[in-house]
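Q: Below are the sequence and a predicted model; questions follow.
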Amino acid sequence: MSGDLAERQAALVAALVAGGPVPAGFDPAALAAAGAALLRKRAGEVARHWPLLAAGLGPQWSATFAAWAAGRPTGGSLRDGWDLARDLRDRGTLPPLGAEELAGREASHRYDGHTPPRPRRLPALGRTGGAVAVQVAGRVRLLRPARH
Amino acid sequence: MTGPHGVGIGWRPEIAGFVADLPGLRFVEVVAEGVAAAGPLPAGLAALRERGVTVVPHGVRLSLGGAEPVDPARVAHLGAVAQRVGAPLVSEHIAFVRAGGVEAGHLLPVPRSREAVDVVCANVARAQAALPVPIALEPIAALFDWPDDELDEADFLTEILDRTGAFLLLDVANVYANARNRGADPVALLDRLPLERVSYVHVAGGAEHGGYYHDTHADPVPPAVLDLLRELCARHRPPALLLERDGHYPPAPALRAELDALAAASGFPVVT
């Protein structure tokens, strides 16, 4: 066993976080356990950045996050939570607390889903699931709560 | 400038109030990537500095074991944080955290091969050349091994420490986790490491999930880890011990009891 360490490290990361095949010679059960541990750790970090989203999902948070994140490498906790919240919104399963948090984020930052979010310089509204948030000069206020 | 001494705790924003109220505390560690290189320090951290508490920046994203050269900007940030907090040393892991442009999100093991030793040593040398203070290297807990290990853990670590001149940040919870998950004896590893090179020691809790012991930093410190700490101190007491807690923070009395247990196991003064 030899060769290019860079390629072999990339293959290992792909197996752990991007749904890639288990590289030759590794213990599949141990890698699966490591991949699951990575998802749990990531779920905790995203919950810290998106506390209302996580609270809104309650006991379903870990499983919901893991199902969404499996095979998807992280874009950082802020973007992971944002992408998940939009995904749940589009599927109609975003809880009201998560909708309010997402509305606030959409009002404060411009996020194209591909590059890091950037603060909006002009006043803006964010609307999600009935929730309306307004941002003026970087300060965000919830104007209307989400539909319960 | 004094190195870390006695019983310390990992400073985290969530427990900043608890840490601020520890009367005997002389040492904390802070996650380097969580501190800005410029602007005011987090309030709790600034107050600890004013009290003369030693603050050691702990890097988690340098990826010293990555096949690519370590990113100079990340090293510069670690060095800048060290200067901001007046640190006597910094620490990082013998691990990689990204490859092929993809972030793993956690510390991954490198093969215990001569090729990987060369890669780690080259990256440590690059970091040392740019850092204002010495670096201590921490061996990680890993649930799996590479199929092409040529060295055992003790020879792998000793070779890296000898070639880089770095200090050792020994995590007894990692030693325990690795041994338990492989059916090995954790004390046997202690007997083969250069314990005189240890600058400080990590202690943390974990839990079993799915047949593996996970070093979670979010569960209580198991008695077996404290036993291993006592074995370590009986051989060569390290200058300092640090409790790491990164989530599911318990009520203050439980956290104080863990700090007291570290003091009792090592003979260092209680800090609570």
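A: Now that the structure is in, tell me what you want to look at. Numbers count the residues shown, from 1 in each chain, chains lettered A, B, ... in the order given.
Q: make it CA atoms for all contacts and neighbour counts henceforth
A: Fine.
Q: in the helix of greatest length in chain A, what counts as buried?
A: Among the elements of type helix in chain A, defined by DSSP state H, the one spanning the most residues is helix A:28-49. Within helix A:28-49, the residues scored as buried using 16 or more other Cα atoms under 10 Å in any protein chain shown are A:30-49.
Q: Now do the contacts for the residue lying closest to residue B:215 once chain neighbours are set aside.
A: When the adjacent residues along the chain are set aside, residue B:215 lies closest to residue B:206, with 4.4 Å between them (Cα to Cα, 6 or more residues apart in numbering or on different chains). Under the criterion of Cα atoms under 8 Å, 6 or more residues apart in numbering or on different chains, the contact list for residue B:206 reads B:213, B:214, B:215, B:216, B:217, B:218, B:219, B:220, B:221, B:222.
Q: residues contacting the second one?
A: Neighbour list for residue B:214: A:37, B:177, B:206, B:207, B:208 [criterion: Cα under 8 Å, 6+ apart].
Q: Nearest to residue B:70, out of those residues: which one, please.
A: Checking the contacts of residue B:214 against residue B:70 by Cα to Cα gives residue A:37 as the nearest, at 25.5 Å.
Q: so how far is residue B:103 from that closest one?
A: Relative to residue B:103, residue A:37 is positioned 15 Å away (Cα to Cα, to the nearest Å).
Q: ditto for residue B:80
A: The span separating residue B:80 from residue B:103 equals 23 Å under the rule Cα to Cα.
Q: tell me, which of the buried residues of helix A:28-49 make contact with chain B?
A: Residues shared between those and the neighbourhood of chain B are A:30, A:31, A:33, A:34, A:37, A:38, A:42 [Cα under 8 Å from any Cα of the partner chain].
Q: For chain A, what lies in contact range of chain B?
A: Taking Cα under 8 Å from any Cα, the part of chain A that reaches chain B is made up of A:1-2, A:5-7, A:9-10, A:13-14, A:16-17, A:25-27, A:30-31, A:33-34, A:37-38, A:42, A:73-74.
Q: Recalculate using a threshold of 6 Å.
A: Contact residues (Cα under 6 Å from any Cα of the partner chain) of chain A with chain B: A:6, A:9, A:10, A:13, A:25, A:26, A:30.
Q: just checking, what packs against the longest helix of chain A?
A: Contact partners of helix A:28-49 among helices and strands, from 3 or more Cα pairs under 6 Å, 6 or more residues apart in numbering or on different chains; DSSP states H and E: none.
Q: what does that helix contact?
A: Among residues not part of helix A:28-49, those counted as contacts by Cα atoms under 6 Å, 6 or more residues apart in numbering or on different chains are A:16, A:54, A:66, A:77, A:81, B:143, B:144.
Q: after it comes which helix or strand?
A: Where DSSP states H and E defines the elements, the next helix or strand beyond helix A:28-49 is helix A:51-57.
Q: Tell me which residues are up against that next one.
A: A:47, A:61, A:95, A:97, A:98.
Q: which residues touch residue A:88?
A: Taking Cα under 6 Å, 6+ apart as the criterion, residue A:88 is in contact with residue A:94.
Q: actually residue A:98, not the one I typed
A: By Cα under 6 Å, 6+ apart, the contact set of residue A:98 is A:52, A:53, A:56.
Q: Show me which of those is closest to chain B.
A: Proximity of the contacts of residue A:98 to chain B (Cα to the nearest Cα) peaks at residue A:52, which lies at 16.8 Å.
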